[in-house]
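Colleague: quick one: sequence plus predicted model below, questions after.
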Amino acid sequence: MAVPGAQEFVPKSHDLGTLAAAARGCRGCGLYRDAEQTVFGAGPTSAKLMLVGEQPGDQEDRAGQPFVGPAGRLLDKALIAAEVDRGDVYVTNVVKHFKFTRAAGSKRRIHKTPSRTEVVACRPWLFAELTAVAPEVVVLLGATAAKALMGSDFRLTAHRGEVLELSDEAAAALPGSDPHVLAIPHPSSVLRGPSDKREAAFGALVEDLHLAAGLL
């Protein structure tokens, strides 16, 4: 069955509160059926820096807030080290519902990467957030977020540390928007990586965020 997409649920508004309220009723893909709730972005409309991740995790789904789980706490630590005030940053995800699977015989919800179809279906909400906030710098956290705005052929590892522009497709959906774009690993990759390399990976994340802040 074809995925209808979120566009019909997105109101013609630049008010983040209005957009967040509307997103709670989105049925643009099937992920809403199993998730606890929609997890919209958070942060000031005046934010010059926007961080975009893949999707909410288990704790975010329960709390209804983005980046409050283990990866979010690590991100907070990295922002502090990079001398960036999270209160000045808008944080969100490409996909607004938690996609997960369960191990046999377990109640534990295990993250499952959203499909390209689900990403494209949910992307109108991200476009609406980008239009409402109009950030000067957008940091794409992880491959899913990077491909959502830079195209399905984009390779994060090949472009980490580069200051980029939106893909033609994204730029066409966001007329008048011309932010600097950085694509960097998701904070969760630091947590998943080998323990003996975690400190170096965290340091690299801090450097990435410091670079982003320097573009403002």
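Modeller: Yep, that arrived.
Colleague: for the spatially most distant residue from the centre of the chain, which three-state class applies?
Modeller: The C-alpha centroid of the chain is most remote from G105, which lies 30.8 Å away (CA atoms, centre = their mean). Of the three states, G105 takes coil according to DSSP: H, G, I helix; E, B strand; the rest coil.
Colleague: okay, it and R62: tell me how far apart.
Modeller: Counting by CB to CB, to the nearest Å, the gap from G105 to R62 is 22 Å. C-beta here means a position set from N, CA and C on the backbone, and glycine is covered the same way.
Colleague: what confidence value was assigned to the residue farthest from the centre of the chain?
Modeller: Looking at G105, its pLDDT reads 78.
Colleague: do I have it right that A173 meets A128?
Modeller: No - counting by CB atoms under 8 Å, A173 does not reach A128; the two are 10.0 Å apart.
Colleague: so A47 is in which element?
Modeller: Here A47 sits in a region with no helix or strand, counting by DSSP states H and E.
Colleague: quick check on the closest residue to E8 other than its chain neighbours: phi, psi?
Modeller: Nearest residue to E8, sequence neighbours excluded (CB to CB, 6 or more residues apart in numbering): G28, at 7.4 Å. Backbone torsions of G28, given as degrees, to the nearest 10, read phi -70, psi -20.
Colleague: returning to what we had before: when A173 and A128 are compared, which one has more neighbours?
Modeller: More crowded of A173 and A128, by other CB atoms under 10 Å: A128, with 24 against 17.
Colleague: in the helix or strand where that one lies, which residues are buried?
Modeller: Assigned by DSSP H and E, A128 belongs to helix 116-133. By 16 or more other CB atoms under 10 Å, the buried positions in helix 116-133 come out as 118-133.
Colleague: what packs against it?
Modeller: Judged by 3 or more CB pairs under 8 Å, 6 or more residues apart in numbering; DSSP states H and E, helix 116-133 is in contact with helix 16-23, strand 49-53, strand 89-93, helix 143-150.
Colleague: apply 6 Å and report the result again.
Modeller: For helix 116-133, the helices and strands in contact under the criterion 3 or more CB pairs under 6 Å, 6 or more residues apart in numbering; DSSP states H and E are helix 16-23.
Colleague: kind regards, and thank you for your time.
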